[in-house]
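Trainee: Just need the structure, nothing else, for what follows:
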Amino acid sequence: MMTGTNTQLKASIYTLLVLFALFLLLQLLLGGLYMLVSPEALSSPSSLEPLLLITGLSFIAPPLLLPQGRAAFALLRLPRLSRTEAWHCLIASAAILALAFAVDELEFRLFSWLGWELKDEATELILQAIASGKSRLELIPYISLLPAFAEELFFRGAVQSTLERLAPKRPRLVWGLTSVLFALMHLSVLGFVTRSLLGYGFSYLCSRTQSLWPGIALHALNNLIVLYLL
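Mentor: This next block holds a predicted model:
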């Protein structure tokens, strides 16, 4: 029994390491190729869409390439919910968004009070793109739809499914670990707590409905609201 548990533990840890290694490798390869073709990319607002497309593909590819990634794609089924369960998910989604925006405001005020002038690189790129003449409507596929699908497939589909095999009886721990990894991958101190809360909410919805689509929808809505608030 102990041998079987150790084998499963090693297999799950190996899967997680390979998932993140593949993501980073694809980011480096695709990003490097793009920089070779467009050396001015980092300083140009027009680079936003290609860079976001590269990031999205880097999140989608690892579950596709790994046999364990089947669990992620299996969660792309539509949820079958009763009316009560559907209302529960809608209310939970509204609460998650409200809490996230409240915490984000508190986080911003705290950093301002401490005198820390922190910037979110992704937000800065979006603002530059808007200032250069890009309409928010044009940015919706890259800011709202693609990140929501790609990140939910990777984190809730692949990472969370792997962690659930490690701790099947501790869902809250799994949600917490998945949400922290989700926030860390955004590489920004500003918004870390907010992203962790959102990630926890997305994980809860995925476990509750056994589907990625409620989390994808809420993730896309959050990004859409943020886009139009900038």
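
Trainee: Around the nearest residue to Phe108 once chain neighbours are set aside, how many other residues sit close by?
Mentor: Once flanking residues are discounted, Phe108 sits nearest to Leu190: 7.6 Å by C-beta to C-beta, 6 or more residues apart in numbering. The C-beta positions use only the backbone N, C-alpha and C, and glycine is treated the same way. Leu190: 19 surrounding residues under other C-beta atoms under 10 Å.

Trainee: Also Ser188?
Mentor: 16.

Trainee: What is the one helix or strand Asn222 maps to packed up against?
Mentor: For Asn222, the element it lies in under DSSP states H and E is helix 213-229. In terms of contacts (3 or more C-beta pairs under 8 Å, 6 or more residues apart in numbering; DSSP states H and E), helix 213-229 is packed against helix 83-114, helix 136-140, helix 146-152, helix 192-209.

Trainee: quick one: the residue sitting nearest the centre point of the chain and Ser144, what's the gap?
Mentor: Closest to where the C-alpha atoms of the chain average out (C-alpha atoms, centre = their mean) is Glu151, at 3.7 Å. Separation of Glu151 from Ser144 (C-beta to C-beta, to the nearest Å): 12 Å.

Trainee: cool, and Leu57?
Mentor: 17 Å.

Trainee: Report the residue spans of the chain with pLDDT below the cut-off.
Mentor: Along the chain, the parts satisfying pLDDT under 70 run over 1-5, 39-45.

Trainee: max-length helix in it?
Mentor: In the chain, assigned by DSSP state H, the helix with the most residues is helix 2-37.

Trainee: so how far is it off the chain centroid?
Mentor: Relative to its chain's centre, helix 2-37 lies at 16 Å (C-alpha atoms, centre = their mean, to the nearest Å).

Trainee: Now that helix: buried residues?
Mentor: For helix 2-37, burial by neighbour count (16 or more other C-beta atoms under 10 Å) applies to Ser12, Thr15, Leu16, Leu19, Phe20, Leu22, Phe23, Leu26, Gln27, Leu30, Gly31, Tyr34.

Trainee: Neighbours of the nearest residue to Gly69 once chain neighbours are set aside, how many?
Mentor: Nearest residue to Gly69, sequence neighbours excluded (C-beta to C-beta, 6+ apart): Pro63, at 3.2 Å. Neighbour count for Pro63, taken as other C-beta under 10 Å: 22.

Trainee: can you check the one 4 residues further on too?
Mentor: Around Pro67 sit 7 other residues, with neighbours defined as other C-beta under 10 Å.

Trainee: same deal with the one 10 residues further on?
Mentor: Taking other C-beta under 10 Å as the neighbour definition, Arg77 ends up with a count of 12.

Trainee: coming back round to it: comparing Leu57 and Ser144, which residue is more hemmed in?
Mentor: Ser144 (21 against 15).
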